[in-house]
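>>> Could you work out the structure for the sequence below:
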Amino acid sequence: MTNSSPRHFLTLLDLSPNELNWVIQRAIELKKIRNSNTPYEPFRSKVLGMIFEKSSTRTRVSFEAGMAQQGGHAIFLSSRDTQLGRGEPIEDSAKVISSMVDMVMIRTFSHDEVVEFAAHSKVPVINALTDDYHPCQLLADIQTFVEHRGSIKGKTVTWVGDGNNMCHSFINAAKQFDFKLNIACPDGYLPNAQMMANNAERVHLIQDPKRAVIGSHLVVTDTWASMGQEDEKKAREAAFENYQVNPALMDLAEPNALFMHCLPAYRGLEISHNMFSDPRSVVFDEAENRLHAQKALMEFLLLQPQT
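Model prediction:
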C-alpha cells in the first residue's frame, strides 16, 4: 500500500507544472521502452481497481494494458458491480476498496463523487473522466503535441465545439503548460464562466471558429453529444452546425498546425469525412498515447519519483 497521504489526480491542477512535464517526458520514455520490447515491470504485485460507471473502450484498454505491461494487475468493476453513492455510501466504498488495491481509477458522471471517494481513499485515485473534467486525455494530447512539434509552451490552441469536460481540461492545461487557448463555442454551450474568468490572461472566447483558429498550432474538437446527452442530439447538431472541423478550417490555422480528437468521432458531424486522413491529423497517435501517458501517471502516483 502507499503512504498515509496519497497523491491523487482528479484534475491537472493536482500536479505542479514541473510534475506534469515529468509525466509527459516519462510517457515518451515508456513508449520507447515498450517499442524496444525491453521488459520493465515496476508494478509487480500492484493492483489497480477500475470503477466504470461510464463505459469506454480506450480508457479500459489503456489502463488495463498499462498495468499488465508494467507487471501489475487491473480489476474491472462495472456499474453492475459497484454503484457509487447508490446503496453503499461513497465514503464506505472508498475505505473498503482502497484497503484492498494499490490505486483506484474512476470513470463516472459526477465529479463530486470522485472528489469524495478520494477524500476517504488510502491510495491514489485517478479521474478517468467525469462530466466536468478529463485530465488523462490531456496528458495524452500534450504528449502527442510534444512528440510532433516540441514544447507547447507559448503556442496557441483552439478548441472548437462544446464547452464540455474536455474544454474544461484544456483550460486547466493552458494554465499548467503555459499556452494560449481560444475557445469557439455557440451560445448555450459555453464552458464554466468562473474557470474562464480565472484564466482570462490565457483563455479567450472567440465564437466564430474561422476567426478562432487563425494563428493556431493545434485545433481540437470532440463529439457534440457526450454520453448521457443522447436526448439532446438533434438540438446539439443544429446548434453546432457551423462548428465542424474540416480541412478548409484547418487551412486557416498555422501551416504546421495539428488536429486532435479524443474519440469516438462522428464523421459528417463534428469532423468532415476526410479529416482523419488529412496529414495534419494525429488522432491515432493521440489515442495510443493514452496508454503511455497513463503508465507514466501511475508510475508517478505509485512510486513517487523525484521530479
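
>>> Give the residue spans of the stretch 1-150 of the chain that score low on pLDDT.
For the stretch 1-150 of the chain, applying pLDDT under 70 flags the ranges 1-4, 83, 85-86.

>>> in it, which spans are helices?
Using DSSP state H, counting those that start in this stretch, the helices of the stretch 1-150 of the chain run over 17-35, 57-69, 90-98, 111-119, 135-149.

>>> Ala235 is nearest to which of these?
Comparing those against Ala235 with Cβ to Cβ, the closest turns out to be helix 111-119 (24.0 Å). Heads up, the C-betas are built off the backbone N, CA and C, glycines and all.

>>> so of the helices of the stretch 1-150 of the chain, which one's packed in deepest?
Taking mean count of other Cβ atoms under 10 Å as the contact definition, the stretch among these with the greatest mean neighbour count is helix 135-149, which reaches a mean of 23.

>>> what's the angle between whichever helix or strand comes after that helix and helix 135-149?
Under the assignment DSSP states H and E, the closest C-terminal helix or strand after helix 135-149 is strand 156-160. With axes from the mean of the first three to the mean of the last three Cα atoms, to 10 degrees as the basis, strand 156-160 and helix 135-149 are set at 130 degrees to each other.

>>> Quick one: list the elements packing against strand 156-160.
Secondary structure elements in contact with strand 156-160, counted by 3 or more Cβ pairs under 8 Å, 6 or more residues apart in numbering; DSSP states H and E, are helix 165-177, strand 180-184, helix 209-212, strand 218-221.

>>> Most tightly packed of the ones you listed?
Comparing those by mean neighbour count (mean count of other Cβ under 10 Å), strand 218-221 ranks first with a mean of 27.

>>> Strand partners (parallel or antiparallel) of it?
In the sheet, strand 218-221 lines up against strand 156-160 (parallel), strand 258-261 (parallel) (DSSP bridges).

>>> I would like the residues contacting the shortest one, please.
Outside of strand 258-261, the residues within contact range by Cβ atoms under 8 Å, 6 or more residues apart in numbering are 141, 144-145, 148-149, 217-222, 245, 250, 270-271, 275, 278, 280-283, 286.

>>> same thing but 6 Å
Outside strand 258-261, the residues within contact range by Cβ atoms under 6 Å, 6 or more residues apart in numbering are 141, 148, 218-221, 280-283, 286.

>>> Could you do stretch 82-97 as well?
Residues from elsewhere that reach stretch 82-97 (Cβ under 6 Å, 6+ apart): 49, 51, 113, 116-117, 120-121.

>>> Could you do stretch 26-46 as well?
Contacts of stretch 26-46 with the rest of the structure, by Cβ under 6 Å, 6+ apart, involve 70-72, 102, 143, 292-293, 295-296.

>>> Repeat that for stretch 120-128.
Where contact means Cβ under 6 Å, 6+ apart, the residues beyond stretch 120-128 that reach it are 2, 6-10, 59, 91, 94-95, 98, 102-105, 107, 114, 117-118, 135-136, 301.

>>> repeat that with 7 Å
Contacts of stretch 120-128 from elsewhere in the structure, counted by Cβ atoms under 7 Å, 6 or more residues apart in numbering, are 1-2, 6-11, 59, 63, 91, 94-95, 98-99, 101-107, 114, 117-118, 133, 135-136, 297, 301-302.

>>> cool, and stretch 171-190?
By Cβ under 7 Å, 6+ apart, stretch 171-190 touches 11-13, 17, 20, 138, 142, 152-163, 167, 170, 191, 195, 199, 202-209, 212, 216, 239-240, 243.

>>> Can you measure across that stretch, start residue to end residue?
12 Å (Cα to Cα, to the nearest Å).

>>> and what of stretch 68-81?
With Cα to Cα as the measure, what separates the two termini of stretch 68-81 is 22 Å.

>>> Next, the buried residues of it.
Burial within stretch 68-81, assessed by neighbour count using 16 or more other Cβ atoms under 10 Å, is assigned to 69-70, 72, 74-75, 77.

>>> Among these, which are located in strands?
Within those, membership in strands is found for 74-75, 77, as judged by DSSP state E.

>>> Pick out the residue closest to the middle of this protein.
Gln137 (2.0 Å; Cα atoms, centre = their mean).
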